[in-house]
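K.L.:
turn this into a model:
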Amino acid sequence: MTQPPRPGIGFFLTPPHKCGYLPDRSAVTIFVDPRQRPTVAAYSALSLHGFRRSGDHVYRPQCPGCNACIPVRIPVNEFEPRRSQLRTLRLNKDVVLIPKKPSFQREHYALYQAYLAHRHPGGSMENPDPNSYLEFLTAQWSDTTFYEFRAANRLLAVAVVDHLDDGISAVYTFFDPNEPRRSLGRLAILKEIEIARALQVRWLYLGYWISDCQKMSYKTEYSPLEYFRAGEWWRDLE
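P.N.:
Numbers count the residues shown, from 1 in each chain. Take a look at the predicted model:
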């Protein structure tokens, strides 16, 4: 497998631990030495090799005998919205995007808590405190923006996005669970594609896709979609 082309950065492997996506399997993660602080350029290079960020930590699954976690990205200039996606855009004509610095906002935090309580009840993330919230979504070294989605000044969603040299990375999105008609998760990705195009970068990185994980099936709604496997990016899995 191709290794990230970044001399001077150290990597560590975790001991086997329970997989967060496929509970019948164990997982191993490779991550950048936490004593080192990546630059945006280094993180951009690592993203080309399937790495993601969670807080300050940059990581990638490295599980022996398992390749279920597949990094995916959208080539934004080739994307053509489907009929259902166009309908979502029409239903949200009243929504305005407002970029914000990655800092603690009580309104954001309240929406995050409501989202987790509805979408991930009983999970390890369900009862965050302000520190764990920011530690998860931000990093001291990353170029991160919190994009607010507002209608009539009411906060509907927040999309946390990292800006890379060649694209943008969708870190996390949380939204009002009482607005299912708006399809806010879909709207966030469509607007992130627009953001990437406006910035004249090539890719929107969506993180990992797992074929056996229903919560990740939405990522295949976007075409063309590129998959990282065997050290290269492919348009299909054949």
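
K.L.:
now the most far-flung residue of the chain relative to its centre. Nearest residue, chain neighbours left out?
P.N.:
The outermost residue of the chain relative to its centre, with distances by CA atoms, centre = their mean, is Ala152 at 26.9 Å. Nearest non-adjacent residue to Ala152, counting by CB to CB, 6 or more residues apart in numbering: Asp94, 7.0 Å away. Placement of C-beta: from N, CA and C, glycine included.

K.L.:
wait, doesn't Ile9 sit right on Gln36?
P.N.:
Yes. Counting by CB atoms under 8 Å, Ile9 does reach Gln36; the two are 6.0 Å apart.

K.L.:
the more surrounded of these two?
P.N.:
Ile9 (16 against 13; other CB atoms under 10 Å).

K.L.:
list the contacts of that one.
P.N.:
Counting by CB atoms under 8 Å, 6 or more residues apart in numbering, Ile9 touches 32-33, 36, 38, 42.

K.L.:
taking these, tell me the two that lie furthest apart.
P.N.:
Asp33 and Ala42 (11.7 Å; CB to CB).

K.L.:
roughly how far does the residue farthest from the centre of the chain sit from Pro177?
P.N.:
Note on Ala152: its distance to Pro177, by CB to CB, to the nearest Å, is 19 Å.

K.L.:
likewise Leu13?
P.N.:
In terms of CB to CB, Leu13 sits 37 Å off from Pro177.

K.L.:
again, but for Met216
P.N.:
19 Å.

K.L.:
and Asp143, by the same measure?
P.N.:
Per CB to CB, Asp143 is found 29 Å from Pro177.
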